[in-house]
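Q: Generate coordinates for the sequence data below:
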Amino acid sequence: MVISVSAQFEQLRAKGQAALIPFITAGDPSLEITAKALLELDRNGADLIELGIPYSDPLADGPVIQAAATRALSQGTKLSDVIELVRTVSPQLRSPLILFTYYNPILNLGIEQFLQQIYDAGARGLVVPDLPLEESEGLLEPAARIGIEVILLVAPTSPPARLESIAKKSQGFIYLVSSVGVTGVRSQVGKNVQSMIETLRTFTDKPIGVGFGISQPEHARQVVEWNADAVIVGSAIVKRLAEDNGLNGIGELCRSLKRSMHRD
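A: Predicted coordinates for the structure are as follows:
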């Protein structure tokens, strides 16, 4: 049975652990490699896995993930291929799968149809970076009914009132963007992350995951010390997968990130 995003966080909290959430792009460099990469991450420390659906105009993505999406699209990767991949691989995973997609592919297929298809395939979470809070109800309501948790993003520039509104509606966990701009490997985690976590804690007891720019074990350790519930690592994993011996490389990085996150 596939566990929900919320249930996975409850289990980790009960053990005093933070979640490691690596990200990869479906179809980069091929769907076959993506399937192997999901299994590699799952057995090397991932607690949940974010799987990006390649899109031609990825506004929130930095150069590494944009290049991965371009490679995947050049291979002919379609939404239906990604859903079939999830259907094939999810029964073999202990980590719940969270799909990352822009809103257009959802609208093109139809909201209810999209949600039902990804749920039936085995996905349990959804991140839509270009979904404004003001327009989120049309996705959140059917998603909750079907069993998909829609994780909303909060930005470093969000004022407290907006943070509270997003925290109230986000399902599964709250995705805290650690820096202004697009995803990508950075040398350090944004200094305002700690204060944003503290502010969010005054509004909600939902788990908080920090992403965008986290690439090294030291970053992961810092974020956990700041009392985050999850560390999300994208570009560093995608970059490692694209290198020679990429599958072994992402397994090694995943293990080192997870080791660094153990709370004393």
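Q: so what does the helix or strand encompassing residue 80 touch, helix or strand wise?
A: Element membership for residue 80 (DSSP states H and E) is helix 79-89. Helix 79-89 is packed against helix 31-42, strand 97-100, helix 111-121, with contacts defined by 3 or more CB pairs under 8 Å, 6 or more residues apart in numbering; DSSP states H and E. Every residue, glycine included, has its C-beta placed from N, CA and C.
Q: Would you mind listing the outside residues contacting the longest one?
A: Under the contact criterion CB atoms under 8 Å, 6 or more residues apart in numbering, helix 31-42 has outside partners 22, 24-28, 49, 51, 75, 77, 81-82, 85, 88-89, 92-95, 97, 237, 241, 246-248, 250-251, 254.
Q: send the alpha carbons of it over as CSV?
A: Output of helix 31-42 as CSV, limited to C-alpha atoms (Å, rounded to 0.1, in the frame of the first residue of the first chain):
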residue,chain,number,x,y,z
LEU,A,31,12.6,7.0,-18.8
GLU,A,32,14.5,3.8,-18.2
ILE,A,33,17.2,5.6,-16.3
THR,A,34,14.6,7.6,-14.4
ALA,A,35,13.1,4.3,-13.2
LYS,A,36,16.5,3.1,-12.0
ALA,A,37,17.2,6.5,-10.4
LEU,A,38,14.0,6.4,-8.4
LEU,A,39,14.9,3.0,-7.0
GLU,A,40,18.5,4.2,-6.3
LEU,A,41,17.3,7.2,-4.4
ASP,A,42,14.7,5.1,-2.5
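Q: I'd like the distance between residue 231 and residue 66.
A: Separation of residue 231 from residue 66 (CB to CB, to the nearest Å) stands at 22 Å.
Q: Also residue 109?
A: Residue 109 is 23 Å from residue 66, by CB to CB.
Q: Residue 258: neighbouring residues, count only.
A: Counted with other CB atoms under 10 Å, residues neighbouring residue 258 total 21.
Q: Now do the contacts for the residue nearest to it when sequence neighbours are not counted.
A: Excluding the flanking residues, the one nearest residue 258 by CB to CB, 6 or more residues apart in numbering is residue 45, at 3.1 Å. Taking CB under 8 Å, 6+ apart, we find residue 45 in contact with 20, 254-255, 257-259.
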